[in-house]
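Student: I'll drop the sequence and a predicted model, then ask my questions.
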Amino acid sequence: MSGLCSLGLSKVSWELKIASEGARVETTCSRDHTFATLNSEEESDPPTYKDAFPPLPEKAACLESAQEPAGAWGNKIRPIKASVITQVFHVPLEERKYKDMNQFGEGEQAKICLEIMQRTGAHLELSLAKDQGLSIMVSGKLDAVMKARKDIVAKLQTQASATVAIPKEHHRFVIGKNGEKLQDLELKTATKIQIPRPDDASNQIRITGTKEGIEKARHEVLLISAEQDKRAVERLEVEKAFHPFIAGPYNRLVSEIMQETGTRINIPPPSVNRTEIVFTGEKEQLAQAVARIKKIYEEKKKKTTTIAVEVKKSQHKYVIGPKGNSLQEILERTGVSVEIPPSDSISETVILRGEPEKLGQALTEVYAKANSFTVSSVSAPSWLHRFIIGKKGQNLAKITQQMPKVHIEFTEGEDKITLEGPTEDVNVAQEQIEAMVKDLIHRMDYVEISIDHKFHRHLIGKSGANINRIKDQYKVSVRIPPDSEKSNLIRIEGDPQGVQQAKRELLELASRMENERTKDLIIEQRFHRTIIGQKGERIREIRDKFPEVENSYSISVPIFKQFHKNIIGKGGANIKKIREESNTKIDLPAENSNSETIIITGKRANCEAARSRILSIQKDLANIAEVEVSIPAKLHNSLIGTKGRLIRSIMEECGGVHIHFPVEGSGSDTVVIRGPSSDVEKAKKQLLHLAEEKQTKSFTVDIRAKPEYHKFLIGKGGGKIRKVRDTTGARIIFPTAEDKDQDLITIIGKEDAVKEAQKELEALIQNLDNVVEDYMLVDPKHHRHFVIRRGQVLREIAEEYGGVMVSFPRSGTQSDKVTLKGAKECVEAARKRIQEIIEDLEAQVTIECAIPQKFHRSVMGPKGSRIQQITRDYNVQIKFPDKEENPVHSAEPAVQENGDDAGEGREADPGSPRRCDIIIISGRKEKCEAAKEALEALVPVTIEVEVPFDLHRYIIGQKGSGIRKMMDEFEVNIHVPAPELQSDVIAITGLAANLDRAKAGLLERVRELQAEQEDRALRSFKLSVTVDPKYHPKIIGRKGAVITQIRLEHDVNIQFPDKDDGNQPQDQITITGYEKNTEAARDAILKIVGELEQMVSEDVPLDHRVHARIIGARGKAIRKIMDEFKVDIRFPQSGAPDPNCVTVTGLPENVEEAIDHILNLEEEYLADVVDSEVLQVYMKPPAHEESKAPSKGFVVRDAPWTANSSEKAPDMSSSEEFPSFGAQVAPKTLPWGPKR
């Protein structure tokens, strides 16, 4: 190496490159600086062949002296294990899925290969063998290659399938844990294995894949099955009561047997009512395990006896212990099994089973466990519960850490806390919690305020900023209901002073929000993205800067529930129309919800318009009035009552009117009452009377009565309770379905009136509590009426008359005695009601109503709603006939057989209705007649309307949308004749009340379509303009900009000739639209043509070396020049005859100015180009271009080929010795002719 350095080599580095196959060795020498020329001495002294190419070590030598290197190659190289593997698969021609030879490397096969490569990450190379089979080389990581192989087999090779039958119980072993074994088997064999489901009785496993893969998979499946055949399964019936003895305490005994015998034993858990014990394992060992368990079972059956003791149901869980530990503990200590009845059973009997001498000890332990725990409760208002628990349960954790065995339970909505655990610990915990409750009640307070729920999110603020500030500032807790509840009630809890301050601030915020206004800004759409900013940064900044600004408005509209369906319209037609026309979002409450409020969201003006539309629909449908009443704001809360109970009772009593109070804190005295006129007046009187009472002196009393008595106390139509109120002057409020306390009845009014009403009601309730039993006689023929439909009539009587029980005799007993049991007054009232029903049944008649069967479905209405309404309104029963199975009538008379004459009774009157048309109505005569009229009014009528045939398809609309909309809007059926009939008549079928509106709507649509037709004819005017084709690109403009502007400006369609159509004149441009507009568009095109004709084109010689700089990056510089001088500049394409010729087109003066500008640029840029070329001359030429002396190549001494002096070293400069690829080489002549 030192010799090389002395020759001027500044750096020589030798690298040894060994490929992963270990087959190729390269030696490279890199030189950084200029080489010195080797002197003649070194040239004349080349290295020997052995020095240059040392021989590889002998195998034996390596084994003998592994420590010593054998020559230069003796250093042992550690083998490198490649992480990338390569596998080759062969698909024979007959199994190839895609056999099209013309599409090799393209088409579906190539797409599939690309998909496989992308999905698996493996590399695929395909080649065709001589036999047209497909060879696929897959390279990549092992798992990727295996996945790719599976996909190749599935998608490129035709699939065969075979089945293999193995016992059903072996299937789970083929699948393996979580299906891992099956997946591994599929991957290994490149097949799809389908195993029948557990509920399928089949034992056939289907294997799909290549023949080779199927054979492998089949072999593996049979191997798994063969392994399982060596194992056996046995079931042993053992009484459930003896299972604990076999399992042993904590399952130790059964675990020991399993370990000793190597058998798996499955004992069903106590919760599963099965007696068999399952054994699985090797046959001999399994037999040992079965014998041992049989022995235990027989011994226990002989020796054990049982005793039964009563233990309170609530104490059973203490006997069981956590996870059944107490039972196991008793079993371990005494050897006695304790059997506890299931939790869903009412039994309190506990059975102890064991040896007689041990039962006493076990019984003592059972009672000790049962009495070791106690249950206690602490009274605490439910709103204080979370303060008792503390933040993240901190307060409660202090108690539970001291007494871990005490379980403390808080029940939501209940004013108590339940404690459960060891008696001593429970007493200590109870004292601590009672002290905590006393302290909290002394220093805590709460208040509830009503704020419209639409303002709640603004009160909360972004990420809770507002509400968190109020909480921290006033040291209170604020509970705002979630949006889904739509509740207005906000609860504030904490320090009394802080609660009042927080209440004041929240009401101020709400008041401010009510007075907010909105303003719409019109900003061009192209600026919207800029205003929003990247990822909404700018708009967020504006929102943060002005957090009080909001861009949406919402109002609530109370609408009577019965009118919601009219507001929605058939198929949602009405609500959809209001939404579209007002551009608002309208949310209606769910059908099964009690809410009557409709929420409208959008711009304020639009919301107001939508509200007016909705209220007008309600006003049209009913006589709705609106009255304002002035009541002092200080009385509002007391009039509303606790949770709105008082005001709700007035609203329900007065026919469900809406009473709207102003927002708390607003200072307004105006209360709005809306509803039917008579009900509004009634509600107004009651509200003013109640307000007067509240102003003088109001007194309240609560009494309790079972919920089933409430309907009886209220009376039919509220008669009884109204009588009490009229005589005493007190208001009586019954709980609604939403109230938690269903027993509570509240009496409000003056003290003496309330006490008198209380006395009357308590007397009534006391009478109801005195249960009597009576009976009455009812003819058995009427019994069915009372008990059908699962006793619906009896249920209604029970609900109405204080839960009275009515018992009819069993069917088939022919007894007419009916028993009534309940409060004396309720029994009398129920007896009277049953007598009324019987009278109705006695007076019942049946009449027929003939309506053609084809109209029955229409008469019934959706889901039978119309019939149900008539049945309720007229208290009748309606029965429709069964459908006629063969409605086709024969025109020929019936054939008479055996000479019989058609008797008088057999002749059918052609005018009489068919049986399938007759509807039966049962009830009182006058009610039946009224119901018949109502049914006949529901029969649809058909009218015909003349509509020109050519308009039919427009009336139907796209996919029938037009006609469907009309049918929904007018609630009729519209029949358009088939196109082949060419008829002008359209039939409308529906209720008579709807037909006139439908006809008017159809004719209005016809007028619209005719007007559209006329307009379409006017728009179809065509005008042709002759323009030289060379001007067409200029008229079209860049990306069609010029022609698009003309089209939009003049509202026309402009068609240019098709270049590929030789028959079409290439100079004709067609304009279509209104005549006036087409002429204006033609003038605009001709104006452009006139300007183009004035233009000139000049060629400028411009050095091609500066073209790139003049054009600029992405043509930016040249576009700027063209826009500035209003010219078009074209540069020559690559390969043009004159690369310097540039064409400038435009008006003469513009062309001259542009040429001057370009030539100035050329002069400037050319100077830079020349300077650059001069510098290149003086720069060092690249190393590979240096002139080199002809090399003699790499020469060595004592080479094998020099042993024979007749041969000489190969000449590297000879084209014969080292020919280049593709060159013709003359054959080398030898003395004895060519070599063979």
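Tutor: On my side now, so go ahead.
Student: what residue ranges in the stretch 1-150 of the chain score low on pLDDT?
Tutor: Residue ranges of the stretch 1-150 of the chain with pLDDT under 70: 1-45, 57-82, 94, 99-107, 130-131.
Student: make sure Leu995 is actually in contact with Ala987.
Tutor: No. Judged on C-beta atoms under 8 Å, Leu995 makes no contact with Ala987 at a distance of 10.9 Å. To be clear about C-beta, it is placed using only N, CA and C from the backbone, and glycine gets the same treatment.
Student: shared neighbours of the two, anything?
Tutor: Ile943 (C-beta atoms under 8 Å, 6 or more residues apart in numbering).
Student: so which of these two has more stuff around it?
Tutor: Using other C-beta atoms under 10 Å as the criterion, Leu995 and Ala987 rank with Leu995 on top: 19 against 14.
Student: skipping its backbone neighbours, what lies nearest that one in space?
Tutor: Spatially, and ignoring its direct neighbours in sequence, Leu995 is nearest to Ile943 (5.5 Å; C-beta to C-beta, 6 or more residues apart in numbering).
Student: using the three-state scheme, assign the one you found.
Tutor: Classification of Ile943 using DSSP: H, G, I helix; E, B strand; the rest coil returns strand.
Student: check Glu1098 too.
Tutor: Using three-state DSSP, the secondary structure recorded for Glu1098 is strand.
Student: okay, it: pLDDT?
Tutor: In this model, Glu1098 is scored at 89, pLDDT.
Student: the residue nearest in space to the middle of the chain in helix, strand or coil?
Tutor: Centroid-nearest residue in the chain, with C-alpha atoms, centre = their mean: Ser484, separated by 18.1 Å. The three-state assignment at Ser484 reads helix, by three-state DSSP.
Student: got the contact list for it?
Tutor: By C-beta under 8 Å, 6+ apart, no residues touch Ser484.
Student: now swap in Pro356 and tell me
Tutor: By C-beta under 8 Å, 6+ apart, Pro356 lies in contact with Thr305.
Student: then Val1174?
Tutor: If a contact means C-beta under 8 Å, 6+ apart, then Val1174 has no contacts.
Student: that one and Ala1167: what is the separation?
Tutor: Here Val1174 is placed at a distance of 11 Å from Ala1167 (C-beta to C-beta, to the nearest Å).
Student: so Val1144 touches Val1100, yeah?
Tutor: Yes. Val1144 lies in contact with Val1100 (C-beta under 8 Å); the separation is 6.1 Å.
Student: who touches both of the two?
Tutor: By the contact definition C-beta under 8 Å, 6+ apart, Val1144 and Val1100 are jointly contacted by Ile1155, Ile1158.
Student: which one of those two is surrounded by more residues?
Tutor: In this view Val1144 and Val1100 are compared by other C-beta under 10 Å, and Val1144 has more residues nearby, 24 against 17.
Student: and the host helix or strand of Asp544, what does it pack against?
Tutor: Applying DSSP states H and E as the criterion places Asp544 in helix 537-545. Under the contact criterion of 3 or more C-beta pairs under 8 Å, 6 or more residues apart in numbering; DSSP states H and E, helix 537-545 touches helix 528-532.
Student: contacts made by the helix it packs on with the rest, please.
Tutor: For helix 528-532, using C-beta under 8 Å, 6+ apart, the contacting residues are Ile523, Arg538, Ile539.
Student: please repeat the previous calculation with a cut-off of 10 Å.
Tutor: Leu521, Ile523, Arg538, Ile539, Arg540, Ile542 (C-beta atoms under 10 Å, 6 or more residues apart in numbering).
Student: so what's the residue nearest to the fifth one when sequence neighbours are not counted up against?
Tutor: So that's Arg540. Among residues not flanking Arg540 along the chain, Gly533 sits closest, at 7.8 Å (C-beta to C-beta, 6+ apart). Gly533 makes contact with Ile539, Arg540, Glu541, Ile542, according to C-beta under 10 Å, 6+ apart.
Student: re earlier: now the helix holding Asp544: buried residues?
Tutor: Buried residues in helix 537-545, defined by neighbour count with 16 or more other C-beta atoms under 10 Å: none.
Student: and that helix, what's its mean pLDDT?
Tutor: pLDDT averaged over helix 537-545 gives 75.
Student: burial count for Ser337?
Tutor: By the measure other C-beta under 10 Å, the count of residues near Ser337 is 22.
Student: next: Thr48.
Tutor: Thr48: 11 surrounding residues under other C-beta under 10 Å.
Student: dump the residue contacts of it.
Tutor: Listed by C-beta under 10 Å, 6+ apart, the contact set of Thr48 reads Val1196, Arg1197, Asp1198, Ala1199.
Student: which other residues reach whichever strand or helix holds Leu126?
Tutor: Per DSSP H and E, Leu126 falls inside strand 123-128. For strand 123-128, contacts defined as C-beta under 10 Å, 6+ apart pick out 84, 86, 88-89, 91, 93, 96, 101, 104-105, 109-110, 112-114, 116-117, 133-140, 144-145, 148, 151-152, 156.
Student: in the protein, what helix or strand scores lowest on average pLDDT?
Tutor: Here the helix or strand of the chain ranked lowest by mean pLDDT, DSSP states H and E is strand 12-18, holding a mean of 31.
Student: chain center to the helix holding Asp544: distance?
Tutor: 31 Å (C-alpha atoms, centre = their mean, to the nearest Å).
Student: which is the succeeding secondary structure element to it?
Tutor: Assignment by DSSP H and E places the next element after helix 537-545 at strand 553-558.
Student: tell me what that following strand is packed against?
Tutor: Counting contacts by 3 or more C-beta pairs under 10 Å, 6 or more residues apart in numbering; DSSP states H and E, strand 553-558 is packed against strand 585-587, strand 597-602, helix 604-621, strand 658-660, strand 670-676.
Student: would you mind writing the CA trace of the strand holding Leu126 as CSV?
Tutor: Output of strand 123-128 as CSV, limited to C-alpha atoms (Å, rounded to 0.1, in the frame of the first residue of the first chain):
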residue,chain,number,x,y,z
HIS,A,123,-43.1,-8.8,-5.9
LEU,A,124,-44.5,-11.0,-8.8
GLU,A,125,-42.8,-11.9,-12.1
LEU,A,126,-44.8,-13.8,-14.7
SER,A,127,-43.5,-15.8,-17.7
LEU,A,128,-44.9,-18.3,-20.2
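Student: circling back: for Val1174 and Ala1167, list the residues in contact with both.
Tutor: Common neighbours of Val1174 and Ala1167 (C-beta under 10 Å, 6+ apart) do not exist.
Student: what's the end-to-end length of stretch 979-998?
Tutor: 22 Å (C-alpha to C-alpha, to the nearest Å).
Student: chain center to that stretch, what's the gap?
Tutor: Counting by C-alpha atoms, centre = their mean, stretch 979-998 comes out at 43 Å from the chain centroid.
Student: any buried residues in it, and which?
Tutor: Residues of stretch 979-998 classed as buried by neighbour count (16+ other C-beta under 10 Å): Ser983, Ile986, Ile988, Thr989, Gly990, Leu991, Asn994, Leu995, Ala998.
Student: among those residues, which ones are in helices?
Tutor: Asn994, Leu995, Ala998 (DSSP state H).
Student: name the nearest of these relative to Arg1047.
Tutor: Ala998 (40.8 Å; C-beta to C-beta).
Student: who wins for proximity to Ser630 among the helices and strands packed on strand 553-558?
Tutor: Per C-beta to C-beta, nearest to Ser630 of those: strand 670-676, 6.2 Å.
Student: between that closest one and helix 604-621, what angle do the directions make?
Tutor: Strand 670-676 and helix 604-621 are oriented at 40 degrees to each other (axes from the mean of the first three to the mean of the last three C-alpha atoms, to 10 degrees).
Student: and the angle from the very next helix or strand once past strand 670-676 to strand 670-676?
Tutor: Proceeding N to C from strand 670-676, the next assigned helix or strand is helix 677-696, under DSSP H and E. Interaxial angle, helix 677-696 versus strand 670-676 (the same axes, to 10 degrees): 150 degrees.
Student: all set now, cheers.
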